[in-house]
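S.K.: Whatever this is, show me its structure:
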Amino acid sequence: MQRKAVRRTLPGIAMLTALVVGAAGLTGCTSGSGTRSPSDSKAGGSSATPAQPGKYRILPAPCKAGADSKRLKAMLPAADSLTPEQRDQLYAGTADASYDGDRRVGCRWTAQTPEETRLLSVGFERVVSYDRAVASDDDKARQVYVRQLTDAHLPFPGPSPSPTPTGAPAGTPAGAPAGTPAAPPAATAPATAPAGTPAGTPGSGSPSPGGSPSAPPVELGSRVLEGLGSEAFIDDKLSPAGATAAQSRTVRIVFRTSNVIVTLEYSVQPALPGTVPSSAETQDKARQLAQALVERLGE
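M.R.: Just a heads-up that it's a prediction; the model follows:
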């Protein structure tokens with residue numbers, strides 16, 4: 001009888017052990033189902049779509065981009081003593097050394113005459129984002145532009161109403177672009193002097209010998225520009241006056257179009273002290289070349 005009892009007990013113990021092991025396995029499966037592996041997360045999650053590459057994949061030839069011979073001759077007058085070959089070499093420009101012509105190129109010109117020296121340089125930089133899932137090429141280019149705008153101590157973002165330039169003639173319309181000529185004064189009938197009144201006497205209508213000095217030249221200054229590429233600014237600097245050193249003026253224009261940053265620098269250095277290069281003329285020539293570069297990039 002005792003042996004029969006043992007035989008009946010053993011199957012019961014084996015069945016109980018199997019149930020405990022099965023329950024433990026079920027618990028492990030249940031707890032594991034709530035934890036997702038990194039591979040599961042990647043498979044089920046949605047990753048950011050990389051931005052499209054920038055508009056520009058290559059850069060133009062810097063010594064020929066927008067700088068035609070007529071425009072260069074106006075910006076860089078050549079000395080009369082130069083031979084035709086020397087003039088051709090002057091206007092051909094000198095390309096900057098570049099180790100990656102698809103990312104950064106430039107060109108510069110120098111013209112010297114007995115009266116002055118003029119320098120011109122043009123540089124192109126193609127900006128590329130190395131992680132377009134985070135920032136596009138255009139976004140990276142804008143960051144480069146903003147840093148240069150900040151370094152020039154100009155307002156950001158966007159242009160603000162600029163005050164009337166220092167020395168601007170009275171009557172310039174409020175909010176008019178810098179350099180806008182003043183409205184002509186209303187015509188008045190000249191005063192008629194009595195017969196026999198000498199010239200220069202008040203009321204004679206003739207200027208007096210000791211007239212007031214002429215007004216100082218208009219300084220347009222540095223500012224944000226509109227209508228030039230995606231965004232642009234101009235930086236105008238005049239060197240300090242000295243007893244023996246002439247004042248030189250350097251105008252720098254930086255503009256962005258898509259993922260390309262263009263920097264144009266134009267400098268006029270008179271040979272004799274006392275001569276101040278015109279702000280309006282220097283800026284106007286630089287802006288004309290900058291606009292031609294924008295058009296070249298848009299082709």
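
S.K.: so where do the strands sit in the stretch 51-200 of the chain?
M.R.: Listed in chain order, the strands of the stretch 51-200 of the chain (DSSP state E, counting those that start in this stretch) span 94-95, 104-112, 116-126.

S.K.: Adjacent strands (with direction) for the second one?
M.R.: What it means is strand 104-112. According to DSSP bridges, strand 104-112 forms sheet pairs with strand 94-95 (antiparallel), strand 116-126 (antiparallel).

S.K.: picking up where we left off before, which of the strands of the stretch 51-200 of the chain sits closest to residue 269?
M.R.: strand 116-126 (4.5 Å; CB to CB). In short, each C-beta sits where N, CA and C put it, glycine included.

S.K.: for the record, mean pLDDT for the closest one?
M.R.: Strand 116-126 shows a mean pLDDT of 96.

S.K.: Just the CA coordinates for that strand, please, in PDB.
M.R.: Below are the C-alpha coordinates for strand 116-126, written out as PDB (Å, rounded to 0.1, in the frame of the first residue of the first chain):
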ATOM      1  CA  GLU A 116      44.800 107.400 -56.900                       C
ATOM      2  CA  THR A 117      44.800 103.700 -56.400                       C
ATOM      3  CA  ARG A 118      41.600 101.600 -56.800                       C
ATOM      4  CA  LEU A 119      41.100  98.100 -55.500                       C
ATOM      5  CA  LEU A 120      38.300  95.700 -56.300                       C
ATOM      6  CA  SER A 121      37.700  92.100 -55.100                       C
ATOM      7  CA  VAL A 122      34.800  89.700 -55.500                       C
ATOM      8  CA  GLY A 123      34.400  86.500 -53.500                       C
ATOM      9  CA  PHE A 124      31.900  83.600 -53.700                       C
ATOM     10  CA  GLU A 125      31.200  81.100 -51.000                       C
ATOM     11  CA  ARG A 126      28.900  78.100 -51.500                       C
END
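
S.K.: which intervals of the stretch 101-250 of the chain have sub-threshold pLDDT?
M.R.: For the stretch 101-250 of the chain, the stretches flagged by pLDDT under 70 are 156-216.
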